[in-house]
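Participant: I'd like to go over a predicted model; first the sequence, then the structure.
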Amino acid sequence: QVQLVESGGDLVQAGGSLRLSCAASGRTASTYAIGWFRQAPGNEREFVIAISRSGSATYYGNSVKGRFTISRDNAKNTVYLQMNSLKPEDTAVYYCAARSLQWIAMARSMDYWGKGTLVTVSS
C-alpha cells in the first residue's frame, strides 16, 4: 500500500512557474514509477509527465514538452514537478499516481492515486 500526497498548487500568472511535490509513504516509493495527470472541469484526466523508478527515464505528454520537468528524490520518497512558462490552459487539478510496473501513460493502469492539488493560471 502506498499513500500519495500532493502539495504546491497555487494561483499563478501566465508565464510564471510553480513546483508541485508528491510525497509517498507506505511501501518504498522507489519501487514505483511516479507520474502526474491533470484534470480540468469537464475534461478527461490527461497524462502530463512521469519518471521511472530509478529516475533514469522520463516521459512527457505532448502539451508540456519543453516547459515541465520531473525529478525524484528516493531518499525523501518525493517526486517533484517543475512547471515553467505556465499557460491558462494548464489550469487543472494535478494528481500524482504510482505504478509498480513499467510506466504506461494510461490513468486506468495506475496502482495508487493522490487526492490532487489545484493549479490555477490567470491570464
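Facilitator: That came in fine, so what should we check first?
Participant: straight-line length of stretch 107-114, end to end?
Facilitator: Chord length of stretch 107-114, first to last residue, is 12 Å (Cα to Cα, to the nearest Å).
Participant: so which bits of that stretch are buried?
Facilitator: 107, 110, 112-114 (16 or more other Cβ atoms under 10 Å). C-betas here are computed from N, CA, C, even on glycine.
Participant: filter those residues down to just the ones in strands.
Facilitator: 112-113 (DSSP state E).
Participant: quick check: bridge partners of A92?
Facilitator: Taking DSSP bridges as the rule, A92 bridges to V119.
Participant: check the gap between it and S25 for me.
Facilitator: Look at A92 and S25: by Cβ to Cβ, to the nearest Å, they are 24 Å apart.
Participant: for the closest residue to R38 other than its chain neighbours, what are its contacts?
Facilitator: Once flanking residues are discounted, R38 sits nearest to A92: 3.8 Å by Cβ to Cβ, 6 or more residues apart in numbering. The contact partners of A92, by Cβ atoms under 8 Å, 6 or more residues apart in numbering, come to 38-40, 43, 46, 118-119.
Participant: and with 6 Å instead?
Facilitator: 38-40 (Cβ atoms under 6 Å, 6 or more residues apart in numbering).
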